[in-house]
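Peer 1: let me see the structure of the following:
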Amino acid sequence: MIETQFNTKILVFRINNSIEFISSTCLDFFKEKGVFLQRSMVKTPQQNGVAERRHRHCLDFKLAFLKFFGGECVLLATHIINLLPMENLQWKIPFEILYGT
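Peer 2: Numbering: from 1, shown residues only. Take a look at the predicted model:
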């Protein structure tokens, strides 16, 4: 998809030694496409700096929203919960039980 949609080639693929990417089928595919596979050491998130910084950025963003929009976050969470099907309501949503639609 990267090659066809964005007209570019993947040069390096970084993994954290997860099982799905180190199967022989996957390794053969990477070799066939000329993609260099980089593996990080087990239990060393520091080696995956980009993803770890992005993750930290998301968490910081969440904390900022909670600080400035704490009340709105609670209202949003309540709204989302009320739109999720619940087993004890025969997999209907609370909104549907309350309003009949």
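Peer 1: which helix or strand contains Arg14?
Peer 2: Using DSSP states H and E, Arg14 falls within strand 12-15.
Peer 1: can I get the CA coordinates of that strand in PDB?
Peer 2: Extracted C-alpha coordinates of strand 12-15, given in PDB (Å, rounded to 0.1, in the frame of the first residue of the first chain):
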ATOM      1  CA  VAL A  12      13.800  -0.100   6.800                       C
ATOM      2  CA  PHE A  13      11.200  -1.800   8.900                       C
ATOM      3  CA  ARG A  14      11.700  -1.700  12.700                       C
ATOM      4  CA  ILE A  15      10.200  -4.300  15.000                       C
END
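Peer 1: hmm, who's touching it?
Peer 2: Phe21, Ile22, Phe30, Val35, Phe36, Leu37, Gln38, Arg39, Ser40, Asn48 (C-beta atoms under 8 Å, 6 or more residues apart in numbering). For glycine as for every other residue, the C-beta is placed from the backbone atoms N, C-alpha and C.
Peer 1: which residues touch Leu37?
Peer 2: So Leu37 contacts Val12, Phe13, Ile15, Phe21, Leu27, Phe30 (C-beta under 8 Å, 6+ apart).
Peer 1: that should have said Phe95, apologies.
Peer 2: Per C-beta under 8 Å, 6+ apart, neighbours of Phe95: Asn82, Leu83.
Peer 1: tell me where the protein has helices.
Peer 2: Counting by DSSP state H, the chain has helices at residues 2-6, 24-33, 49-82, 94-99.
Peer 1: any idea of the mean pLDDT in the third one?
Peer 2: Averaging the model's pLDDT scores along helix 49-82 yields 74.
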